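Trainee: Give me a 3D structure for the following:
(chains A, B, C and D)
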Protein chains: 2
Amino acid sequence: MRPEDLAEVRSLSLFRNMLQGNFQALMEGAYAQKFPAGLELIREGDQADFFHVVVEGKVEQYAHWQGRSTTMSVIEPVGTFILAACIRDLPYLMSARTLEPSRLLLIPASDLRSVFRRDPEFAISVVEELAGAFRAMARHAKNLKLRNSRERIVCYLLTQSRLAGGADHFPLPIEKRLVASYLGMTPENLSRALKSLEGDGVQIKGNMVSITDRRALMATSPPDMLIDGPDPDRFTRAPAGLRAPLHTPPKAE
Amino acid sequence: MRPEDLAEVRSLSLFRNMLQGNFQALMEGAYAQKFPAGLELIREGDQADFFHVVVEGKVEQYAHWQGRSTTMSVIEPVGTFILAACIRDLPYLMSARTLEPSRLLLIPASDLRSVFRRDPEFAISVVEELAGAFRAMARHAKNLKLRNSRERIVCYLLTQSRLAGGADHFPLPIEKRLVASYLGMTPENLSRALKSLEGDGVQIKGNMVSITDRRALMATSPPDMLIDGPDPDRFTRAPAGLRAPLHTPPKAE
DNA sequence: GTCGCTCCTTGATCAAGATCAATTCAAGAT
DNA sequence: ATCTTGAATTGATCTTGATCAAGGAGCGAC
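Mentor: I've put the predicted structure just below:
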């Protein structure tokens, strides 16, 4: 691995606070590797041998049953996956494939566990990462159970807008069929719903989204910090009494 | 807290391997408390102050949005909840209420974090607990996205049978309306589907379930270790080539 | 350029599941 | 025992979303 890559990895929140010696030990056993688009990295049910960090590119986590398949998440830099399976030394619950040419860091699960055991700072980073993954999955499940497909779409678009820095005009980060699968609906359904949403404050052309009436859109389906995120910043947190739901208009009219 | 309770808690997998001194420190700051049925213990959005362990009784985790509500999980002894929120010092994503009179252990989140930092054995137990929670939630989401309601019901019944020691005759552990909410459907739907399943190898009378033709039932909707569990035992694990899906009949006919 | 591939869209139809409404049932309280 | 309350069931209807089928658009290969 090149020294500049090493510095980049070292700066990730997961590795930032650990002891230098332990970091080096981890990196000596790790593989930095490039993969082409569309490659299956992980197959669900396999044993967890390597912890994966996405340094560059895009990785889809998906699952299947009885010939059906669904997108569970898309991981962008710098994100990680299959931490839980590695920690517990259990089979993966989800498969993973690259969506673009990607650069990954693969850390042997046994190394991960042994450094975890002797570096409390790293242990904290690992457990925070894992807690974040749990919360993301809990949000995903809440979204599926509490909203219909139209509402999920609206909140997805508003979340993407937020991730794009609050822009009213931004591209979808992934193909529509993946958006549909992630949101638990068919592509046909997504397509139709997107068109019908043009009367509610959003226009889609190709993969470009234009929010034309944010207030109307939010009234259609108010986002909720506890489903759509983000988690509040630990340091700028509002006092309890003022912790109103983010993004929620005063009143849907 | 009574000494015999203390011994019981100490024997839980979460606390079994930690240093005695650290265990005592945790217990000194913790509260063992009894709660009546139907009490709201946690409200989603609130700050995570206490890590909860269910020592006796039954606790429902649920979530809501826009007046709708859904059951996310039911925790029985000895299970824990809101670990992720405590670890990250973030607001709860789910509410929790007792379903029966229950005995809980409440550990201040700050104590949890400080002992986590200085006891590697405890850190490992915590991260395994959290990894388990993540996997449970991932399974929940997979179940919702990959199966229709009839299939979810069948697999739920088969899972309950397994948890009851493989019995063909066992009671539902929770009210049907909770089963319905947990499985992401209306009570009416569950009721109808249960009746219609009488032709497929299962009979329900009140809250008693009788599996009359397990093979037929499994053919209706084959359970999958990666959705329904259980995680394989670490020590009796089959070699990779033989890791066939559990419970799956040779062929659905 | 045009061929071929995949994704996306659109329309028509169908099935699954939700909703609304009305009983029935079970369990605890008095 | 009866009353009360919430759960469960049942039926009728409606809505949502899935499925099936047929084009159309985008894009890379050649």
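
Trainee: Return the per-residue confidence for the residue nearest to residue A:47 when sequence neighbours are not counted.
Mentor: Take residue A:47 and drop its neighbours on the chain: the residue closest to it by CB to CB, 6 or more residues apart in numbering or on different chains is residue A:91, 5.8 Å away. All C-beta spots, glycine's among them, are computed from the backbone N, C-alpha and C. Looking at residue A:91, its pLDDT reads 96.

Trainee: And for residue A:160?
Mentor: Listed pLDDT for residue A:160 reads 97.

Trainee: Would you mind checking which helix or strand in chain A has the lowest mean pLDDT?
Mentor: Across the helices and strands of chain A, the lowest-confidence element by mean pLDDT, DSSP states H and E is helix A:3-10, at a mean of 81.

Trainee: which other residues reach that helix?
Mentor: With CB atoms under 8 Å, 6 or more residues apart in numbering or on different chains as the test, helix A:3-10 has contacts from A:1, A:15, A:16, A:23, A:27, A:32, A:53, A:55, A:105.

Trainee: Show me what residue A:60 is bridged to.
Mentor: Beta bridges link residue A:60 to residue A:74, residue A:97, judged by DSSP bridges.

Trainee: now it: how far from residue A:204?
Mentor: As judged by CB to CB, to the nearest Å, residue A:60 and residue A:204 stand 21 Å apart.

Trainee: Between the two, which is the more surrounded one?
Mentor: Applying other CB atoms under 10 Å in any protein chain shown to residue A:60 and residue A:204 shows that residue A:60 carries more neighbours, namely 22 against 17.

Trainee: tell me the contacts of the more buried one?
Mentor: Contacts for residue A:60 (CB under 8 Å, 6+ apart) come out as A:71, A:73, A:74, A:75, A:96, A:97, A:98, A:99, A:178.

Trainee: Counting neighbours, which of those comes out on top?
Mentor: For the contacts of residue A:60, counting by other CB under 10 Å, the largest number of neighbours falls to residue A:96: 23 neighbours.

Trainee: distance of that residue from residue A:44?
Mentor: Per CB to CB, residue A:96 is found 9 Å from residue A:44.

Trainee: Which residues are in contact with the residue nearest to residue A:47?
Mentor: Contacts of residue A:91 by CB under 8 Å, 6+ apart are A:44, A:45, A:46, A:47, A:48, A:85, B:225, B:226, B:231, B:232, B:243.

Trainee: Now, of these, which are buried?
Mentor: Among the contacts of residue A:91, those buried by neighbour count (16 or more other CB atoms under 10 Å in any protein chain shown) are A:44, A:45, A:48, A:85, B:225, B:226, B:231.

Trainee: among those, which are in helices?
Mentor: Judged by DSSP state H, the subset of the buried ones among the contacts of residue A:91 located in helices is A:85, B:225, B:226.

Trainee: thought the second one was touching residue B:233?
Mentor: What it means is residue B:225. No - between residue B:225 and residue B:233 there is no contact under CB atoms under 8 Å: 11.8 Å.

Trainee: all helices for the stretch 101-250 of chain A, in order.
Mentor: Here the stretch 101-250 of chain A has its helices, by DSSP state H, counting those that start in this stretch, at A:109-118, A:120-146, A:149-163, A:176-182, A:187-196, A:214-220, A:225-228.

Trainee: now the last one, how far from the chain's geometric center?
Mentor: Looking back up the chat, that one is helix A:225-228. 14 Å (CA atoms, centre = their mean, to the nearest Å).

Trainee: That one and chain B in contact?
Mentor: Yes - on the criterion CB under 8 Å from any CB of the partner chain, helix A:225-228 is in touch with chain B at A:225, A:226, A:227.

Trainee: name the helices or strands packed onto that helix?
Mentor: Here helix A:225-228 touches helix A:120-146, helix A:149-163, going by 3 or more CB pairs under 8 Å, 6 or more residues apart in numbering or on different chains; DSSP states H and E.

Trainee: Nearest residue to the middle of chain A?
Mentor: residue A:75 (4.8 Å; CA atoms, centre = their mean).

Trainee: Spatially nearest residue to it (excluding sequence neighbours)?
Mentor: Nearest residue to residue A:75, sequence neighbours excluded (CB to CB, 6+ apart): residue A:59, at 4.6 Å.

Trainee: what domains does the record give for chain A?
Mentor: Chain A breaks down by automatic domain parsing into domains covering A:3-143, A:149-242.

Trainee: what's the first-to-last distance across the first one?
Mentor: What it means is domain A:3-143. Domain A:3-143 stretches 42 Å from its first residue to its last (CA to CA, to the nearest Å).

Trainee: List the contacts of the closest residue in space to residue A:214 that isn't next to it in sequence.
Mentor: Leaving aside its chain neighbours, residue A:214 sits nearest to residue A:201 (6.5 Å; criterion: CB to CB, 6+ apart). Counting by CB under 8 Å, 6+ apart, residue A:201 touches A:211, A:212, A:213, A:214, A:215, A:216, A:217, A:220.

Trainee: Dump those to JSON lines, plus neighbour count, pLDDT and distance to residue B:170.
Mentor: Converted to JSON lines, the contacts of residue A:201 look like this (neighbours: other CB atoms under 10 Å in any protein chain shown; pLDDT from 0 to 100; distance: CB to CB, whole Å):
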{"residue": "A:211", "neighbour count": "21", "pLDDT": "96", "distance to residue B:170": "52"}
{"residue": "A:212", "neighbour count": "13", "pLDDT": "95", "distance to residue B:170": "56"}
{"residue": "A:213", "neighbour count": "15", "pLDDT": "95", "distance to residue B:170": "54"}
{"residue": "A:214", "neighbour count": "16", "pLDDT": "96", "distance to residue B:170": "52"}
{"residue": "A:215", "neighbour count": "12", "pLDDT": "95", "distance to residue B:170": "52"}
{"residue": "A:216", "neighbour count": "16", "pLDDT": "95", "distance to residue B:170": "51"}
{"residue": "A:217", "neighbour count": "21", "pLDDT": "95", "distance to residue B:170": "48"}
{"residue": "A:220", "neighbour count": "20", "pLDDT": "93", "distance to residue B:170": "44"}
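
Trainee: Mind listing the residues bridging to the residue nearest to residue A:50 when sequence neighbours are not counted?
Mentor: Spatial nearest neighbour of residue A:50, chain neighbours left out: residue A:106 (4.2 Å); criterion: CB to CB, 6+ apart. Beta-bridge partners recorded for residue A:106 (DSSP bridges): residue A:31, residue A:52.

Trainee: just checking, residue A:106 touches residue A:34?
Mentor: No - with contact defined as CB under 8 Å, residue A:106 does not count as touching residue A:34 (11.6 Å).

Trainee: so how far is residue A:19 from residue A:178?
Mentor: For residue A:178, the distance to residue A:19 - CB to CB - is 39 Å.

Trainee: which residues touch residue A:171?
Mentor: Residue A:171 makes contact with A:207, A:208, A:209, according to CB under 8 Å, 6+ apart.

Trainee: Which of the contacts of helix A:3-10 are buried, as a ChimeraX select command?
Mentor: Restricted to buried positions by 16+ other CB under 10 Å, the ChimeraX selection for the contacts of helix A:3-10 reads:
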select /A:15,23,27,32,53,55,105
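
Trainee: Around DNA strand C, pick out the residues from chain A.
Mentor: For chain A, the contact set with DNA strand C under CB under 7 Å from any atom of the strand comprises A:175, A:176, A:177, A:187, A:188, A:190, A:191, A:192, A:194, A:195, A:204, A:207.

Trainee: tell me the contacts of residue A:207?
Mentor: Shown in contact with residue A:207 (CB under 8 Å, 6+ apart): A:171, A:172, A:175, A:176.

Trainee: switch to 10 Å and redo it
Mentor: A:170, A:171, A:172, A:173, A:174, A:175, A:176, A:179 (CB atoms under 10 Å, 6 or more residues apart in numbering or on different chains).
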